[in-house]
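S.K.: return atomic coordinates for the entry below.
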Amino acid sequence: MNNINRCVNTISKLSSNKVAIITGSSKGIGKSIALRFARSKEYSALVINARRLKEAEQVVEETKKSAECDSVAIVGDVSKESDCIRLIEETVTKFQRIDVLVNNAGIQKDNPLTETTLQDWYNIISVDLTGPFVCSRESVKQMKTQTDPVGGCIINISSVHQIIPKPHYVPYATSKGGIDMMTKTMALELAADKIRVNIVAPGAIDTDMNMSLRTGALELEENLKKIPIGRIGKAQEIADVVDFLTSSKASYITGSTFVVDGGMTLYPSFGLDHSHSSDHLFPKDSSR
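M.R.: Got it, this is the predicted structure:
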């Protein structure tokens, strides 16, 4: 019996030694991913990242209630290269490895093209595209050195708007198109290092970022017309797909986009109808 117990304990330890970083994980989709990872019991440590320490620490406490997981909060603004580098360095110093990086942090702003300032452009591109690039670059430096197991996994949280153009959101849609090609190029370059890189692209998801879908009956109705499944998605449904892609069940998947949108991208026409606002025609999404 003692031998059996030792074997069980050994297997348990081997199956729960992964370390994951989730950027922008104090709320919304990022928080759901963190809690899903904790419940999976495959992770010995989770790094919760946000710009505000108190919010990140609250999620840390929730993950610890879900599992015996050594979660920590690391504050950082992913629009700043120095913060991205520090996030990765502090993780490696504390846990000696990084198995999973989820680039989730992101922002968007509703502005017509002619009213979009250069600063708007820089702000959104910095968070939504440059941040994932720097976090990935720094994480890969560590992943390439790892053994038992080798390599790692990167998930970029994108949006249906890497596929569907979105008027009034030019910097945002551009950043998501960039994430698409960045992911494919990284996946090709890093495959020999056993590092997989994939995208999860949410559609309209019920999060704080999409508060108007909860409070505006007309906006919700117009959005639902564009979603064949006929409902708004849940953050947990995005987290479930991320959990699959970071697991051994997805060991042969890299460079792919998994669209989680209730069929939104199947809708036959997203042409601009000037009798409606662009938000009604291009349903709001929350990658966060």
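S.K.: His161 in helix, strand or coil?
M.R.: helix (DSSP: H, G, I helix; E, B strand; the rest coil).
S.K.: wait, it sits on Ala173?
M.R.: Yes - with contact defined as Cβ atoms under 8 Å, His161 counts as touching Ala173 (4.6 Å). In short, each C-beta sits where N, CA and C put it, glycine included.
S.K.: shared neighbours of these two, anything?
M.R.: By Cβ atoms under 8 Å, 6 or more residues apart in numbering, His161 and Ala173 have no common neighbours.
S.K.: pretty sure Val259 sits in a strand.
M.R.: Yes - with three-state DSSP as the criterion, Val259 is located in a strand.
S.K.: for it, give the beta-bridge partners.
M.R.: Ala201 (DSSP bridges).
S.K.: distance of it relative to Ser159?
M.R.: 9 Å (Cβ to Cβ, to the nearest Å).
S.K.: neighbour count: these two, which is higher?
M.R.: Legend: neighbour count by other Cβ atoms under 10 Å for Val259 and Ser159, higher for Ser159 (30 against 20).
S.K.: re earlier: residues that sit against both of Val259 and Ser159, list them.
M.R.: What both Val259 and Ser159 touch, as defined by Cβ under 8 Å, 6+ apart, is the set Ala201.
S.K.: give me the packing partners of the helix or strand in which Ile238 is found, helices and strands only.
M.R.: Following DSSP states H and E, one finds Ile238 within helix 235-245. On a contact count with 3 or more Cβ pairs under 8 Å, 6 or more residues apart in numbering; DSSP states H and E, helix 235-245 meets helix 28-40, strand 152-157, strand 195-202, strand 205-206, strand 257-260.
S.K.: deepest of the ones you listed, which one?
M.R.: strand 152-157 (a mean of 27; mean count of other Cβ atoms under 10 Å).
S.K.: which is the next helix or strand following that one?
M.R.: helix 170-190.
S.K.: what does that next one contact?
M.R.: Taking Cβ under 8 Å, 6+ apart as the rule, helix 170-190 contacts 106-109, 113, 116, 120-121, 123-125, 128-129, 132-133, 136, 140, 154, 156, 158-159, 161-162, 165-166, 196-199, 201, 254-255, 257, 287.
S.K.: circling back: want to throw the helices and strands packed on helix 235-245 into JSON lines with mean pLDDT and distance to Glu61?
M.R.: Output for the helices and strands packed on helix 235-245, formatted as JSON lines (pLDDT from 0 to 100; distance: least, Cβ to Cβ, whole Å):
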{"stretch": "helix 28-40", "mean pLDDT": "97", "distance to Glu61": "11"}
{"stretch": "strand 152-157", "mean pLDDT": "98", "distance to Glu61": "23"}
{"stretch": "strand 195-202", "mean pLDDT": "98", "distance to Glu61": "26"}
{"stretch": "strand 205-206", "mean pLDDT": "91", "distance to Glu61": "23"}
{"stretch": "strand 257-260", "mean pLDDT": "98", "distance to Glu61": "28"}
